[in-house]
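A.B. asks: okay, here's the prediction I keep looking at, along with the sequence it came from:
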Amino acid sequence: MLSENETIIIKEKNGLKYMQFKKLLELGINHLYTLKSDGIDFATGGPLEEKSYETVAKILEIPKEKIIIPKQTHTDCVKCVDERTVQEDLVFTDGVITDKPGLALATKNADCILLNFYDPVKKVIANIHSGWRGTYKKIAEKAVVKMINNYGCKPEDIYCFINPSIRVDHFEVDEDVMELGKEIFGFTKRTDEFIKKGRIFEDKQKYNIDTVLINRILLENLGIKPEKIIDCEICSFCHRDEVASARGDGQGYTRAISIMMM
Ligand SMILES: [Zn+2]
């Protein structure tokens, strides 16, 4: 069972279970990450999607129409959004940034990493989907660079919150994905820390990749303070009874949503 700790709180309202970061609440950001609940699923085009949006909108006390959700396709594309942004602008997009209060930025996952950024000085938020493909394309880095270049944010002011995702012990890959990671992130000189030799399965050596650590390294290299990277430390696979997990549930798996708004 997931339980509250020094980083997160767990709530239940109108039949929806969800998680919130204490620090993000303290900073005044209206947000949540959905946990598995009856009748809630954010799978695109799924039968429950519309009703699920209505439920979260009600809990956050926002109009459903204010929820901005990119059509995630494991790209490294991050877009700046405002009141004029329409859904069609957000195809092949995996991250959204805004400085507009009242716009709710959303991303979905089931094992992938969702990163919530907030700069309380410049009042800018970003919500980023960084699965292993996005992580390899350094989408987190691109998001922060955009916050700096487009909104004048300073890295040392930026907070990053890491939502539930599959963690190193359960994120198993083949040699090709491991080698690619080694090649891309060799420059960090820390590949030994985020690549672990795993089990041998069907005569093949498996590897485990710590994609959370890779994101952390990228962010710290940009000047984000380690203490401002706040991780819920929840493995979606280990907690698949309560958290959406593609690997945990297989075919027909449900999706969770992360929503944040100033
Ligand atoms: Zn796990």
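C.D. replies: Good, I have the coordinates.

A.B. asks: how close does the residue of the chain positioned farthest from its centre sit to the ion?
C.D. replies: Taking CA atoms, centre = their mean, the residue of the chain most remote from its mean C-alpha position is D203, at 33.6 Å. According to CB to the ion, to the nearest Å, D203 and the ion sit 25 Å apart. From N, CA and C alone the C-beta is placed, and that goes for glycine too.

A.B. asks: distance of the residue in the stretch 1-150 of the chain positioned nearest to the ion from E233?
C.D. replies: For the stretch 1-150 of the chain, the residue closest to the ion is D111, as judged by CB to the ion, at 9.9 Å. Relative to E233, D111 is positioned 15 Å away (CB to CB, to the nearest Å).

A.B. asks: which of these two has more neighbours?
C.D. replies: D111 (26 against 12; other CB atoms under 10 Å).

A.B. asks: contact partners for the residue lying closest to the more buried one once chain neighbours are set aside?
C.D. replies: The shortest distance from D111 to any non-neighbouring residue, by CB to CB, 6 or more residues apart in numbering, is to I166 (4.0 Å). Contacts of I166 were listed using CB atoms under 8 Å, 6 or more residues apart in numbering, and they are 111-112, 235-237, 245, 247.

A.B. asks: show only the entries of those residues found in helices.
C.D. replies: Using DSSP state H, the members of the contacts of I166 that fall in helices are R247.

A.B. asks: want to throw the contacts of I166 into a markdown table with pLDDT?
C.D. replies: A markdown table is the format used below for the contacts of I166 (pLDDT from 0 to 100):
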| residue | pLDDT |
| --- | --- |
| D111 | 98 |
| C112 | 98 |
| C235 | 98 |
| S236 | 98 |
| F237 | 98 |
| S245 | 98 |
| R247 | 97 |
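
A.B. asks: just the buried residues out of the contacts of I166, in PyMOL syntax.
C.D. replies: Buried members of the contacts of I166, defined by 16 or more other CB atoms under 10 Å, are picked up in PyMOL with:
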select buried, resi 111+112+235+236+237+245
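
A.B. asks: interface residues of the stretch 151-262 of the chain facing the ion?
C.D. replies: By the rule CB under 5 Å from the ion, the part of the stretch 151-262 of the chain lying against the ion is 167, 170, 235, 237-238.

A.B. asks: kindly indicate which of the contacts of I166 lies nearest the ion.
C.D. replies: Nearest to the ion among those: C235, at 3.1 Å, using CB to the ion.

A.B. asks: is it true that that closest one touches N163?
C.D. replies: No: assessed by CB atoms under 8 Å, C235 is found out of contact with N163, at 11.6 Å.

A.B. asks: show me where the stretch 101-250 of the chain has its helices.
C.D. replies: Along the stretch 101-250 of the chain, counting by DSSP state H, counting those that start in this stretch, helices occupy 132-136, 139-151, 175-185, 191-194, 211-221, 246-249.

A.B. asks: buried set for the second one?
C.D. replies: Spelled out, it's helix 139-151. Of the residues in helix 139-151, 139-144, 146-148, 151 count as buried by neighbour count, 16+ other CB under 10 Å.

A.B. asks: ok, now the last one?
C.D. replies: The neighbour-count criterion (16+ other CB under 10 Å) identifies 246, 248-249 as the buried residues of helix 246-249.

A.B. asks: what does the fourth one give?
C.D. replies: By neighbour count, with 16+ other CB under 10 Å as the criterion, the buried positions of helix 191-194 are 191, 194.
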